[in-house]
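> Coordinates only, no sequence provided:
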């Protein structure tokens, strides 16, 4: 069965500092990988996704993520955080096998940005 | 505007009283899914549908039913709600199972 681990429940960074949110997945084949962001009281918005090809993926709002098969990781990065980035971030792994499909989310990392 | 809508957005009910949460999308997506979000547990998939009349269980289907009679609608039915179903529910849709999922605004349910 697939699974996702986000080891950091809560992270605080200063505005302008760099950010890296960790995500480790477990899946037998090549997964589909996603990062979503959820602002307070809002639904989820896709930041970026990896299906195949280039392992460094660019997303919206200046975010990027790198797929590392050897480490089963898909960490999210941003070189300079803005106060508006404060939100909860979810990593997800998708599996498509035959007619079945599942998307499994991690438990999320809450990002706090200090001014 | 392309969107996923859910109704109601907020619902307070009592144990055992059947309820339905509606989900509708206007993007002609084949794939639709329901999730519940609980603190510390992230989002967990309840049911999904690959297309009309094709549904399957996710990770936490107990106590829920779904139907997919039309492509645009995917209602979530709680036949006999219990307090442990108090949660925030999200509907999502996409072009195919591996596509980008678009989420609705969420339905916050309280079962007393």
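Nice, I can see it. As the structure is a prediction and not an experimental result, all values here were calculated from the model.

> can you count the residues close to residue B:93?
Counted with other CB atoms under 10 Å in any protein chain shown, residues neighbouring residue B:93 total 28. Heads up, the C-betas are built off the backbone N, CA and C, glycines and all.

> Same question for residue B:80.
As a burial measure, residue B:80 scores 11 neighbours (other CB under 10 Å).

> Same question for the one 10 residues further on.
Number of residues near residue B:90 (other CB under 10 Å) recorded here: 25.

> hang on, isn't it packed against residue B:34?
Yes: here residue B:90 reaches residue B:34: they are 7.3 Å apart, a contact under CB atoms under 8 Å.

> and residue 101, what pLDDT?
No chain in the question, so chain A it is. pLDDT for residue A:101: 63.

> That was the other one, I meant chain B.
85.

> what helices or strands is the strand or helix carrying residue A:77 leaning on?
Element membership for residue A:77 (DSSP states H and E) is strand A:73-78. Contacts defined by 3 or more CB pairs under 8 Å, 6 or more residues apart in numbering or on different chains; DSSP states H and E place strand A:73-78 against strand A:19-21, strand A:24-26, strand A:32-38, strand A:44-50, strand A:64-68, strand A:87-97.

> Now for the residue positioned nearest the centre of chain B: which residues touch it?
In chain B, the centroid-proximal residue (CA atoms, centre = their mean) is residue B:34; its distance is 3.2 Å. Residues in contact with residue B:34 (CB atoms under 8 Å, 6 or more residues apart in numbering or on different chains) are B:23, B:45-48, B:58, B:64, B:66, B:74, B:76, B:89-92.

> ok, and the closest non-adjacent residue to residue A:73?
Residue nearest to residue A:73 in three dimensions, not counting chain neighbours: residue A:24, with 5.3 Å by CB to CB, 6 or more residues apart in numbering or on different chains.

> Next, the buried residues of stretch B:104-112.
For stretch B:104-112, burial by neighbour count (16 or more other CB atoms under 10 Å in any protein chain shown) applies to B:104, B:106, B:107, B:109, B:111.

> Going by distance to residue A:84, which of the residues you listed wins?
Residue A:84 lies nearest to residue B:106 out of the buried residues of stretch B:104-112, by CB to CB, at 20.4 Å.

> Touching, the closest one and residue B:6? I think so.
Yes: under the criterion of CB under 8 Å, residue B:106 makes contact with residue B:6 at 6.7 Å.
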